[in-house]
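Asker: How does the following fold in three dimensions:
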Amino acid sequence: MQPQSRRLSTPLLAGLLAACAMSFAAGAKAQETVSVEDARGTQEVPLKPQTVVVFDMASLDTLGALGVEVAGVPQVALPDYLQPFAEVEKVGSLFEPDLEAVNALQPDLIIVGGRSGPKAEALSAIAPTLDMTVDQQHFVASAEKNVKTLATVFGKEAQADTALEKLDASIEGLRAKADKAGSALIVLTTGNKMSAYGKGSRFGVLHDTFGFQPADPNLAVANHGEAISFEYIAETNPDWLFVIDRDAAIGRGAAAAMLDNELVGGTKAWKDGQVVYLTPANWYLIGGGLQAMQQNVDQITQALDKSGQ
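Answerer: Predicted coordinates for the structure are as follows:
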């Protein structure tokens, strides 16, 4: 059983952060640094840091692709391709970092983003902290910028450039196919509830960058999507139905059984075998990681190829 995050009393926490800040300030001059941009602005961080704590899943994915080792990660369900990080020291959760455990590792750099982004200020008292939160309105451009930022910090520019060139070429290929594929609807399922996401939304990259025509162009732009019913899916009648099973992303899920009903079964997508169950962890937990983005593009491209698009 993994240890629970430890909560510190306010006086003890204040003392810990003050001591961390003094130690950080004393050692900062000894290491070469680099200036980079993150979600909070310009940050001065160590160049090629040796001890890194990562609370952002997209960054963990990217660092794995670039061959960077990390010293601490949150307690979270990892997909198979990130299992090499499963044995790394656990330092709290995505929402509640264990500051004492983080400080014990004496990190050179801490990386947050998305769910852990709001903890950047508290963690920056321990070590330089980057906030790699992705701009959902410009998902791919923002995610690729983050990849380049991490590559700069860790001296992995060549590897990142090669991977990004492959990703961009794959996206262009997908766009050419999606342009002829008809309408698409992207749905997130959790429990017995469903939400749909349109252009400009959390999962809007399907339309905004990959090029699928929205089955419903009037969906509201909302972080949690717009609540929908089986009747809505039947009335919208998309050519393609893309499904993210949130419960599967966190270890339990059965979206396929839930959607197997008469209403959904009457749609063009279901009849034509064009219901795609997207890799849930990639979309719900990881998002803009270098490996996850390539896997997502490849999965959708393969689905289109299979259908003869």
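Asker: Against Leu259, how distant is Leu150?
Answerer: Leu150 is 37 Å from Leu259, where distance means C-beta to C-beta, to the nearest Å. For glycine as for every other residue, the C-beta is placed from the backbone atoms N, C-alpha and C.
Asker: cool, and Val76?
Answerer: Distance, Val76 to Leu259, by C-beta to C-beta: 27 Å.
Asker: pLDDT score for the residue nearest to Ala281 when sequence neighbours are not counted?
Answerer: In this structure, Ala281 finds its nearest non-sequential neighbour in Pro79, 4.2 Å apart by C-beta to C-beta, 6 or more residues apart in numbering. Predicted confidence (pLDDT) at Pro79: the value is 91.
Asker: count of neighbours near Pro79?
Answerer: The number of residues packed around Pro79, counting by other C-beta atoms under 10 Å, is 19.
Asker: Name all residues that make contact with it.
Answerer: Each residue near Pro79 by C-beta atoms under 8 Å, 6 or more residues apart in numbering is listed here: Thr279, Ala281, Asn282, Leu285, Ile286.
Asker: Farthest-apart pair in those residues, please.
Answerer: Thr279 and Leu285 (10.2 Å; C-beta to C-beta).
Asker: Between those two, which has more neighbouring residues?
Answerer: The neighbour comparison of Thr279 against Leu285 (other C-beta under 10 Å) goes to Leu285, with 23 against 18.
Asker: unless I'm mixing things up, the more buried one is touching Pro74, no?
Answerer: No. If you go by C-beta atoms under 8 Å, Leu285 and Pro74 don't touch, sitting 11.0 Å apart.
Asker: out of Val76 and Leu259, which sits in the busier spot?
Answerer: Leu259 (22 against 17).
Asker: show me what contacts that one?
Answerer: Counting by C-beta under 8 Å, 6+ apart, Leu259 touches Thr189, Leu241, Val243, Val275.
Asker: most neighbours, which of those residues?
Answerer: Neighbour counts for the contacts of Leu259, by other C-beta under 10 Å, peak at Leu241, which reaches 24 neighbours.
Asker: does it count as helix, strand or coil?
Answerer: strand (DSSP: H, G, I helix; E, B strand; the rest coil).
Asker: which residues touch it?
Answerer: Ala184, Leu185, Val187, Ile233, Leu259, Val264, Thr267, Ala269, Trp270, Gln274, Val275, Val276 are the contacts of Leu241 under C-beta under 8 Å, 6+ apart.
Asker: outside of stretch 300-309, which residues touch it?
Answerer: 170, 173-174, 177-178, 180-181, 206, 210, 242, 272-274, 276, 278.
Asker: Okay, strands next: where are they in the chain?
Answerer: 33-38, 41-46, 52-54, 72-73, 89-90, 109-112, 129-131, 183-190, 193-197, 213-214, 226-228, 240-245, 275-277 (DSSP state E).
Asker: So which elements touch the fourth one?
Answerer: Contact here means 3 or more C-beta pairs under 8 Å, 6 or more residues apart in numbering; DSSP states H and E; on that basis strand 72-73 packs against strand 52-54, strand 89-90.
Asker: want to try CSV for those, with distance to Asp161 and mean neighbour count as columns?
Answerer: Putting the helices and strands packed on strand 72-73 into CSV (distance: least, C-beta to C-beta, whole Å; neighbours: other C-beta atoms under 10 Å) gives the following:
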stretch, distance to Asp161, mean neighbour count
strand 52-54, 21, 28
strand 89-90, 31, 16
